[in-house]
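Asks: sequence and computational prediction follow.
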Amino acid sequence: MNKRPRTVFRKLDGLLLLDKPPGLSSNQALQRVRHLFRADKAGHTGSLDPLATGLLPVCFGEATKIAGLLLGSRKAYETTAVLGLTTDSDDADGAPLLQRDVPPLDLDTLERALAPLRGDIAQRAPIYSALKQGGEPLYARARRGEAIEAPIRTVTVNRLEVLELAGNQVRLHVECGSGTYVRSLVRDLGEALGCGAHVATLRRLWVEPFRTPTMFTLEALQALREQGEPVLDRCLLPLEAGLVDFPRVALDQAQARRLGQGQRVPLAGEGAPGLTAIYDLDGRALGLGEIDAERVLHPGRLFSWTSQEAAVAR
């Protein structure tokens, strides 16, 4: 019996803007992409539900060090809510729970129901979610049929607008902060209308700083892979693309060497206090650090070449 050849992975740094297909978990999509690129290290920047499609930024190699920053970024979605039916997962993948009549609706009625769901709100997470209780994801307990008290957290909904009302379906545009569940927004909209609701479709449009993303499907990546890895690698963005929204400071060679050796770097009035992206004078990213009130830069997550080059220079 012929064995499938073992994949030989390679060191690869950069960002890929994946258009996740429906039916795959974010981790399943990530693993497919990782094998297509033969990347030795990869991670994504925030899960999408299996039902959902759209932007899933994938970080390779050193870019995984900024994945947590993108996880906390503002995001935009378009979703279609079906009124009159609730499910156990708050989306179309779940088992039906309760069907109710949909009251007569117009845009004014919808607006009154949506208004309390904007801004900083208390939101109850779906029981089918990756949030953990007792070290275990809620979805694992839900699948076992356990009674679950889903956590209530404060989240930020920056925009929530009706795009279309057609029968018992409402198409919505959502812009929100980290940790917001669109499924919960739709569920709470349905409860406010007295008929229940669930998510039928969900697409992530953008994740800051990628507001006008050029996304690649798995099929497109496979086709490019067949043309050779140099062609496939053209899909990647430099990891600096993930840092463009952060304040930045540029270091000369001596300062960069100190930083790479784990030392604090006094700055001559440059940079505001807080988290900052650090570059050399050629525009290459060195990592992230924190500037204190005395204008001293403290090293944070540094890219490997920063410390490697500092070690060589000793």
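Replies: Structure's in. What do you need?

Asks: quick one: the strands in the stretch 151-300 of the chain?
Replies: Assigned by DSSP state E, counting those that start in this stretch, the stretch 151-300 of the chain shows strands spanning 152-166, 169-176, 197-207, 248-251, 265-266, 274-280, 285-291, 296-302.

Asks: what comes into contact with the first one?
Replies: Just to be clear, that refers to strand 152-166. Contact with strand 152-166 is made by 74, 76, 78, 105-107, 110-111, 114, 117-125, 170-181, 185, as judged by CB atoms under 8 Å, 6 or more residues apart in numbering. The C-beta positions use only the backbone N, C-alpha and C, and glycine is treated the same way.

Asks: beta partners for Ser216?
Replies: No, residue 216 isn't Ser; it's Phe. Under DSSP bridges, the beta-bridge partners of Phe216 are Leu18.

Asks: nearest to Arg234 among the strands of the stretch 151-300 of the chain would be which one?
Replies: Comparing these against Arg234 with CB to CB, the closest turns out to be strand 285-291 (19.9 Å).

Asks: where are the low-confidence patches of this protein?
Replies: 1-4, 307-314 (pLDDT under 70).

Asks: just the endpoints, please. Distance across stretch 241-260?
Replies: 22 Å (CA to CA, to the nearest Å).

Asks: all numbers from here: first residue = 122
Replies: Sounds good: first residue 122 from here, last item stretch 362-381.

Asks: that one: which residues count as buried?
Replies: 362-364, 367, 370-372, 376-381 (16 or more other CB atoms under 10 Å).

Asks: nearest to Ala414, of those?
Replies: Taking those together and measuring to Ala414 by CB to CB, the closest member is Val370, at 15.1 Å.

Asks: domains of this structure?
Replies: 135-193+331-361, 196-328, 367-434 (automatic domain parsing).

Asks: JSON lines please, covering those domains and showing distance to Thr128.
Replies: JSON lines is the format used below for the domains of the chain (distance: least, CB to CB, whole Å):
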{"stretch": "domain 135-193+331-361", "distance to Thr128": "6"}
{"stretch": "domain 196-328", "distance to Thr128": "27"}
{"stretch": "domain 367-434", "distance to Thr128": "23"}
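
Asks: neighbours of the residue nearest to Thr174 when sequence neighbours are not counted, how many?
Replies: Closest residue to Thr174 apart from its sequence neighbours, by CB to CB, 6 or more residues apart in numbering: Arg324 at 4.9 Å. Arg324 sits with 17 neighbouring residues when counted by other CB atoms under 10 Å.

Asks: please name the bridge partners of Arg324.
Replies: Thr174, Glu199.
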